[in-house]
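Asker: my questions concern the predicted model and sequence given below.
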Amino acid sequence: MFALHPAYACSPETALDEFRDAIKALHKAGIEVILDIVLNHSAELDLDGPLFSLRGIDNRSYYWIRETAIITTGPVAATRSI
């Protein structure tokens, strides 16, 4: 398990390089790498809240919406759970 976040790197400026090096080393050792990106986790709570993530791109495509709240993520989560 790996989180590509500057705080977990030896130095914040090298996080991406460290990640690339780790992938190359794993491949060289014959280990396949599966990259699981979870785009549907966001801090957006309701229709009046700030835009942090997918809601700012195309709200109705990424969230199932009631009149007053975003209740869950849509097609991205459904696709991921299959």
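Answerer: Looks like it came in fine. The structure presented is a predicted model; accordingly, all values stated were derived computationally and were not measured. Numbering: from 1, shown residues only.
Asker: could I get the buried residue list for the longest helix seen in the chain?
Answerer: With residue count as the measure and DSSP state H as the assignment, the chain has helix 15-28 as its longest helix. By neighbour count with 16 or more other CB atoms under 10 Å, helix 15-28 contains the buried residues 15, 19. C-beta: built from backbone N, CA, C; applies to glycine.
Asker: just use 29 as the starting number from now, easier for me
Answerer: In the new numbering, first residue 29, that becomes helix 43-56.
Asker: extract the CA atoms of the helix or strand just after that helix and return them as CSV.
Answerer: Heading C-terminal from helix 43-56, the first helix or strand you meet, by DSSP states H and E, is helix 83-90. Extracted C-alpha coordinates of helix 83-90, given in CSV (Å, rounded to 0.1, in the frame of the first residue of the first chain):
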residue,chain,number,x,y,z
ARG,A,83,-19.1,18.4,-8.4
GLY,A,84,-17.4,21.4,-10.0
ILE,A,85,-16.9,19.4,-13.3
ASP,A,86,-20.3,17.8,-13.8
ASN,A,87,-22.3,17.4,-10.6
ARG,A,88,-25.2,15.2,-11.9
SER,A,89,-22.8,12.8,-13.6
TYR,A,90,-20.8,12.0,-10.5
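Asker: what about Val61, distance to Leu44?
Answerer: Separation of Val61 from Leu44 (CB to CB, to the nearest Å): 15 Å.
Asker: quick check: mean pLDDT of stretch 61-76?
Answerer: Averaged across stretch 61-76, pLDDT comes to 69.
Asker: neighbours of the residue nearest to Phe47 when sequence neighbours are not counted, just the number please.
Answerer: Excluding its sequence neighbours, the residue lying closest to Phe47 (CB to CB, 6 or more residues apart in numbering) is Leu32, at 5.1 Å. When neighbours are defined as other CB atoms under 10 Å, Leu32 has 13 of them.
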